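J.: Requesting a structural model of the entry that follows:
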Amino acid sequence: MSEAAPLVEINHLFKTYPVADRGERLVLDDLNFRLVPGEIVAVLGKSGSGKSTFLRIVAGLSEPSQGDVRYRGKQVNGPVRGAGMVFQSFALFPWLTVLGNVELGLEALNVPKEERRKRAEAAIDLIGLDGFESAYPKELSGGMRQRVGFARALVINPDVLLLDEPFSALDVLTAETLRGDLVDLWRDRKIPTQSILMVSHNIEESVEMADRILIFSSDPGRIRAEIPVPLPRPRDWNSPGFRHIVDQVYTILTTTPGGAAGKRARGEAALAEGMEFSIRIPDAPTQQLSALIDTLMEDRYKGRADLPDLAEYQNLAVDDLFVLLDGMQLLGFAHVGGGDVELTAAGKAFSNAEMDERKAIFGNHLLRNVPLAAHIQKVLQERPNHRAPASRFLTELEDHMSEEWANDTLERLINWCRYAELFAYDFDTETFRLEEPEES
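T.: Have a look, this model is predicted:
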């Protein structure tokens with residue numbers, strides 16, 4: 001397989017986005033990649049790893065800032081005509097029937113009307129929607145609408161099928177069925193597609209479908225590891241070989257590059273550059289954080305859990321689990337590594353505490369581990385009226401991050417600090433103030 005001429009070849013790919021008053025933000029950093037005929041490749045990574053950006057560049061829908069992107073040896077300078085793409089959202093035109101939506105790609109290629117109709121009907125039949133040609137999207141279930149998306153991508157007979165988390169908006173059973181149907185079509189060569197490149201947030205899904213898995217690191221996105229999946233199809237999720245690869249992926253995704261020393265060194269470098277406020281605060285609601293910590297204290301885990309088992313037990317998508325784990329680590333409530341999570345002494349104390357004590361523990365760890373929280377509290381304490389506008393802190397944040405990132409950071413910190421009762425926030429006036437003690 002590795003000796004075949006690549007369908008897609010990427011060399012030293014960089015992607016940056018402009019950031020107001022700060023130059024550029026690096027999203028993808030020096031990626032090198034080859035996609036050859038006869039393989040399915042999955043891309044996994046945490047939020048912020050640039051997975052979808054990478055896929056859009058492969059499709060020719062976004063331009064690289066630097067580097068070489070080729071399809072069948074030719075430079076990509078626009079949408080790749082040999083590639084079909086299925087998006088996370090159904091992306092159907094509600095005023096068109098199933099047949100009309102599927103015909104769109106062929107119409108753009110100036111395929112004659114009769115041939116267009118014939119090929120569209122064949123694709124609809126192939127994907128299991130025969131009889132629904134005249135239905136409108138609003139009449140279809142989520143799974144059926146995504147089948148229309150697959151039919152629309154397959155009708156152009158693509159050499160490469162690009163999938164941007166196409167199963168994530170579906171319920172578990174529907175996703176499993178559609179995934180199985182696609183793999184069957186691929187395995188039995190009922191579709192002309194030579195290779196599939198898919199972005200996923202589901203580890204088991206990736207191990208089920210892919211011949212190899214690329215794991216991206218975050219901020220910026222880099223190819224951190226490549227894992228082969230040499231399992232025969234169809235694949236049993238409960239087989240030892242399958243579970244071994246799942247554990248391997250979890251281990252890589254939850255291990256900090258360079259270990260604890262590397263993480264510490266990067267933190268010290270950020271502080272030296274005056275970027276202590278640019279820490280990324282995960283979108284982890286306090287109620288969910290508390291519930292996960294309590295779950296880890298149950299007899300089933302006794303403070304330590306295998307992540308695949310925890311995700312299944314809690315029915316959590318990987319992205320949702322990782323966000324909560326990031327929050328627990330940031331606050332010092334847990335250590336994550338080697339595919340496991342273990343509560344710290346502080347995490348166990350938090351779980352065993354009553355509500356008021358929980359808030360105090362949460363607040364102390366927030367002030368200790370998130371410099372921005374301590375900074376806001378200090379400013380409020382020093383001001384005579386103990387108030388400060390949000391714009392004052394947003395300006396500081398935007399010195400080190402994008403406007404969107406700054407707003408998200410402040411909003412998430414507000415929610416955490418309000419839970420801990422460190423300070424209050426008036427959304428009408430966009431003003432912070434210290435919590436006033438209750439009158440006795």
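
J.: Now the residue nearest the centre of the chain: closest residue in space that isn't a chain neighbour?
T.: Residue closest to the average C-alpha location in the chain (Cα atoms, centre = their mean): Ser47, at 3.9 Å. Leaving aside its sequence neighbours, Ser47 sits nearest to Asp319 (Cβ to Cβ, 6 or more residues apart in numbering; 6.2 Å). From N, CA and C alone the C-beta is placed, and that goes for glycine too.

J.: OK, contacts around that neighbour?
T.: Lys46, Ser47, His201 (Cβ atoms under 8 Å, 6 or more residues apart in numbering).

J.: again with His335
T.: Gln329, Val341, Glu342, Thr344.

J.: Over to Ile203?
T.: Contact partners of Ile203, counting by Cβ under 8 Å, 6+ apart, are Leu44, Val246, Val249, Tyr250, Leu253, Pro308, Val318.

J.: what number of residues lie near the closest residue to it other than its chain neighbours?
T.: Leaving aside its sequence neighbours, Ile203 sits nearest to Val249 (Cβ to Cβ, 6+ apart; 5.0 Å). For Val249, the neighbour count with other Cβ atoms under 10 Å is 24.

J.: Please enumerate the helices of the stretch 151-300 of the chain.
T.: 172-187, 203-209, 240-253, 259-272, 286-296 (DSSP state H, counting those that start in this stretch).

J.: where does the chain dip in pLDDT?
T.: 1-3, 19-23, 256-278, 436-440 (pLDDT under 70).

J.: Just put the contacts of Ile203 in TSV and tack on distance to Gly100.
T.: Output for these, formatted as TSV (distance: Cβ to Cβ, whole Å):
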residue	distance to Gly100
Leu44	35
Val246	41
Val249	40
Tyr250	43
Leu253	41
Pro308	42
Val318	36
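
J.: Three-state assignment for Leu413, please.
T.: Assigned by DSSP: H, G, I helix; E, B strand; the rest coil, the conformation of Leu413 is helix.

J.: what about it, neighbour count?
T.: 22.

J.: residue contacts, it?
T.: Contacts of Leu413 (Cβ under 8 Å, 6+ apart): Ile281, Val370, Leu372, Ala373, Ile376.

J.: now Gln88
T.: Gln88 sits next to Asp164, Glu165, Pro166, Ser168, Ala169 when contact means Cβ under 8 Å, 6+ apart.

J.: For it, which three-state class applies?
T.: Per three-state DSSP, the local secondary structure of Gln88 is coil.

J.: any idea how far it lies from Asp340?
T.: 30 Å (Cβ to Cβ, to the nearest Å).

J.: Check the gap between Phe393 and Ala284 for me.
T.: 20 Å.

J.: Just the CA atoms of stretch 121-139, as CSV, please.
T.: Provided in CSV are the C-alpha atoms of stretch 121-139 (Å, rounded to 0.1, in the frame of the first residue of the first chain):
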residue,chain,number,x,y,z
GLU,A,121,-31.3,7.8,-8.4
ALA,A,122,-28.6,5.1,-8.4
ALA,A,123,-26.8,6.8,-5.5
ILE,A,124,-30.0,7.2,-3.5
ASP,A,125,-30.7,3.5,-4.0
LEU,A,126,-27.2,2.6,-3.0
ILE,A,127,-27.3,4.5,0.3
GLY,A,128,-30.7,2.9,1.2
LEU,A,129,-33.1,5.7,0.5
ASP,A,130,-35.0,4.2,-2.5
GLY,A,131,-38.6,5.5,-2.4
PHE,A,132,-37.7,8.8,-0.8
GLU,A,133,-36.6,10.6,-3.9
SER,A,134,-39.5,13.1,-3.7
ALA,A,135,-39.3,13.7,0.1
TYR,A,136,-38.1,17.0,1.5
PRO,A,137,-35.5,17.1,4.3
LYS,A,138,-38.1,18.1,7.0
GLU,A,139,-39.9,14.8,6.3
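
J.: Could you list the buried residues of that stretch?
T.: Neighbour counts over stretch 121-139 (16 or more other Cβ atoms under 10 Å) mark Glu121, Ala123, Ile124, Leu126, Ile127, Gly128, Leu129, Phe132, Glu133, Ala135, Tyr136, Pro137 as buried.

J.: contacting residues for the residue nearest to the last one when sequence neighbours are not counted?
T.: I take that to be Pro137. Distance criterion Cβ to Cβ, 6+ apart; nearest residue to Pro137, sequence neighbours excluded, is Leu92 at 4.5 Å. Contact partners of Leu92, counting by Cβ under 8 Å, 6+ apart, are Asn101, Pro137, Arg145, Val148, Gly149.

J.: Could you take these and lay them out as CSV, with extra columns for secondary structure?
T.: Putting these into CSV (three-state DSSP) gives the following:
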residue, secondary structure
Asn101, helix
Pro137, helix
Arg145, helix
Val148, helix
Gly149, helix
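
J.: Now flag whichever of those residues is closest to Pro18.
T.: Nearest to Pro18 out of these is Gly149 (Cβ to Cβ; 31.5 Å).

J.: Look up which residues are beta-bridged to the residue lying closest to that closest one once chain neighbours are set aside.
T.: Leaving aside its sequence neighbours, Gly149 sits nearest to Val86 (Cβ to Cβ, 6+ apart; 4.9 Å). The partner list for Val86 in beta bridges (DSSP bridges) reads Leu163.
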